[in-house]
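Enquirer: Provided below are the primary sequence and the corresponding predicted coordinates.
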Amino acid sequence: MIICVDADYRSREIVAAAAGIQYWDDAAPCMECVAHLRQRPAPYIAGQLYLREMPAIGVLLAKIANFRLIVVDGYVWLGKDRRGFGAHLYEHLDGRYPVIGVAKRPFRDNDCAVAIRRGNSDRPLPELAPPRLELIKATRK
């Protein structure tokens, strides 16, 4: 299963959610899961999203079985030698699962993003993955 994860921050809790699909072109999720972490989120620091998201995403992933790929809302790499949330998550999970990041906006000075366009859109989605993951292989599994 491919799982797509994201987190929401509230004053005294972090809520993480996941939707699972079997195939990229599925019309609806086959799994949905929510985790509540009752603690104040870490302060926002540009380029350090993992400090805010990792605690809740970790709790969320512990509730989900049988996934093979994780899609995160954000970057895996912020630049050639600068890890983003996805790279931190990949390491946190000991490299057991590939992580693909999809971001709505480009991160400044990112020298390794791959732009992906949705349909006829002129606005690309910058997408990054761990260095050992070949995106073509990930989409064929």
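Expert: Perfect, I can see it now. Numbers count the residues shown, from 1 in each chain.
Enquirer: just the pLDDT for Ala87.
Expert: Predicted confidence (pLDDT) for Ala87: 89.
Enquirer: quick check: closest non-adjacent residue to it.
Expert: Nearest non-adjacent residue to Ala87, counting by C-beta to C-beta, 6 or more residues apart in numbering: Val76, 5.1 Å away. Every C-beta, even on glycine, is put in place using the N, C-alpha and C of the backbone.
Enquirer: one more: Glu53?
Expert: Ala7 (4.6 Å).
Enquirer: got the contact list for the closest residue to Ile64 other than its chain neighbours?
Expert: Nearest residue to Ile64, sequence neighbours excluded (C-beta to C-beta, 6+ apart): Cys33, at 5.5 Å. Shown in contact with Cys33 (C-beta atoms under 8 Å, 6 or more residues apart in numbering): Ala17, Ala18, Gly20, Leu60, Lys63, Ile64.
Enquirer: if we can go back for a sec, what about the residue nearest to Ala87, distance to Arg10?
Expert: According to C-beta to C-beta, to the nearest Å, Val76 stands 26 Å off from Arg10.
Enquirer: cool, and Cys33?
Expert: Cys33 is 18 Å from Arg10, by C-beta to C-beta.
Enquirer: same question, Gly101
Expert: From Gly101 to Arg10 the distance is 23 Å (C-beta to C-beta).
Enquirer: what's near enough to touch the residue most central in space within the chain?
Expert: Taking C-alpha atoms, centre = their mean as the criterion, Val72 is the residue nearest the geometric centre of the chain, at 1.2 Å. Val72 sits next to Cys4, Val5, Asp6, Ile57, Phe85, Gly86, Leu89, Val99, Ile100, Gly101, Val102 when contact means C-beta under 8 Å, 6+ apart.
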